[in-house]
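Engineer: Following is a predicted model, sequence given first.
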Amino acid sequence: MTYYPVYLNLKGRRVSVIGGGKVAERKVASLLDSGASILVISPEATVRIAALANAGIIEWQRRPYSKGDCVGVAMVLSATDDPDVSRIVFDDAREAGALVNTADETALCDFIMPAVVRRGDLSIAISTGGRSPALASQLRRKLSKILGPEYGRLLSLMSRVRPEIRQRVERSEARKHLHHRILRSGVLQLLRRHDGSGAEKLVHNIIEEFALEEQKL
């Protein structure tokens, strides 16, 4: 089976994490920037999970999982060490219409968790279809060495100038070429050297030059 790659908007939506150990802690950490309303259900929890709950960042219900806990949630991340509970959670989530992921049990998953490289709003997800998480992690480490923080800054800059490009260049195909011209320029090297003002100036000069070329057509 081939998994369908997708990024979910979880802002304001309920996500339950079943379990309170180290695996559950990693799943909570992966959710923190998503804007989801995170609920941990477990009699015990790690120091980190407890601290997040005490700070009001997540909710922790100190109890075992109960049938019906999946009702009304968008997604369930199951991270218990009890295979019987994992099966119950999976069946309940399916019945409730919630997407479910069970740690280290691809047969009990609607989706799998990719290895992710993040640079600001830029994210690259790597999946092996659950066949070799170690390979996904190795590829993530390699990409992390190649893609520095300048790529996040580049994305931020491209996002800021996008309205100007849309305003200055009428033809959609021409706008596409302009975006690629900017990306092929020396803007990334400037951002790598933390020369943000130089990068901004270069991009605006390229836009101005390109807009003049378009006017002559």
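Structural biologist: Thanks, I have the structure now.

Engineer: mind giving me the domain split of this structure?
Structural biologist: For the chain, the structural domains run 14-113, 114-147, 150-215, going by automatic domain parsing.

Engineer: Of the ones you listed, which is nearest Thr2?
Structural biologist: For the domains of the chain, the distance to Thr2 is smallest for domain 114-147, at 7.1 Å, taking Cβ to Cβ. All C-beta atoms are positioned from the backbone trio N, CA, C, and that covers glycine.

Engineer: Centre of the chain to stretch 62-76, how far?
Structural biologist: 23 Å (Cα atoms, centre = their mean, to the nearest Å).

Engineer: Spit out the contact partners of Gly12.
Structural biologist: 35-37 (Cβ atoms under 8 Å, 6 or more residues apart in numbering).

Engineer: just to revisit the earlier point, and the domains of the chain, which is most packed in?
Structural biologist: domain 14-113 (a mean of 18; mean count of other Cβ atoms under 10 Å).

Engineer: Make sure Phe76 is indeed in a strand.
Structural biologist: Just so we're on the same page, residue 76 is Val rather than Phe. Yes - according to DSSP: H, G, I helix; E, B strand; the rest coil, Val76 belongs to a strand.

Engineer: Quick check: bridge partners of it?
Structural biologist: Beta-bridge partners for Val76, by DSSP bridges, are Ser16, Val100.

Engineer: Mark which of the contacts of Gly12 are part of strands, please.
Structural biologist: Ser37 (DSSP state E).

Engineer: tell me the phi and psi of Pro149?
Structural biologist: phi -60, psi -20 (degrees, to the nearest 10).

Engineer: okay, the closest residue to it other than its chain neighbours: pLDDT?
Structural biologist: Distances taken as Cβ to Cβ, 6 or more residues apart in numbering place Arg119 nearest to Pro149, at 5.9 Å, with adjacent residues excluded. If you check Arg119, the pLDDT there is 95.

Engineer: wait, Arg119 sits on Ile146?
Structural biologist: No - counting by Cβ atoms under 8 Å, Arg119 does not reach Ile146; the two are 10.8 Å apart.

Engineer: which one of the contacts of Gly12 is nearest Ile165?
Structural biologist: Gly35 (28.3 Å).

Engineer: Quick one: the strands in the protein, in order.
Structural biologist: Under DSSP E, the chain gives strands at 14-18, 37-41, 59-61, 75-78, 99-102, 115-119, 122-126.

Engineer: Between the ones you listed, which one is closest to Phe90.
Structural biologist: strand 99-102 (5.5 Å).

Engineer: For the closest one, which helices and strands make contact with it?
Structural biologist: strand 75-78, helix 83-96 (3 or more Cβ pairs under 8 Å, 6 or more residues apart in numbering; DSSP states H and E).

Engineer: 10 Å instead, please
Structural biologist: Secondary-structure packing of strand 99-102 (3 or more Cβ pairs under 10 Å, 6 or more residues apart in numbering; DSSP states H and E): strand 14-18, strand 75-78, helix 83-96.

Engineer: Check the offset of that strand from the chain's centre.
Structural biologist: 16 Å.

Engineer: Just the C-alpha atoms of that strand, please, in PDB.
Structural biologist: What follows is strand 99-102, C-alpha atoms only, in PDB (Å, rounded to 0.1, in the frame of the first residue of the first chain):
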ATOM      1  CA  LEU A  99      -7.500   9.400  12.300                       C
ATOM      2  CA  VAL A 100      -5.200   7.200  14.400                       C
ATOM      3  CA  ASN A 101      -1.500   6.400  14.500                       C
ATOM      4  CA  THR A 102      -0.200   3.600  16.800                       C
END
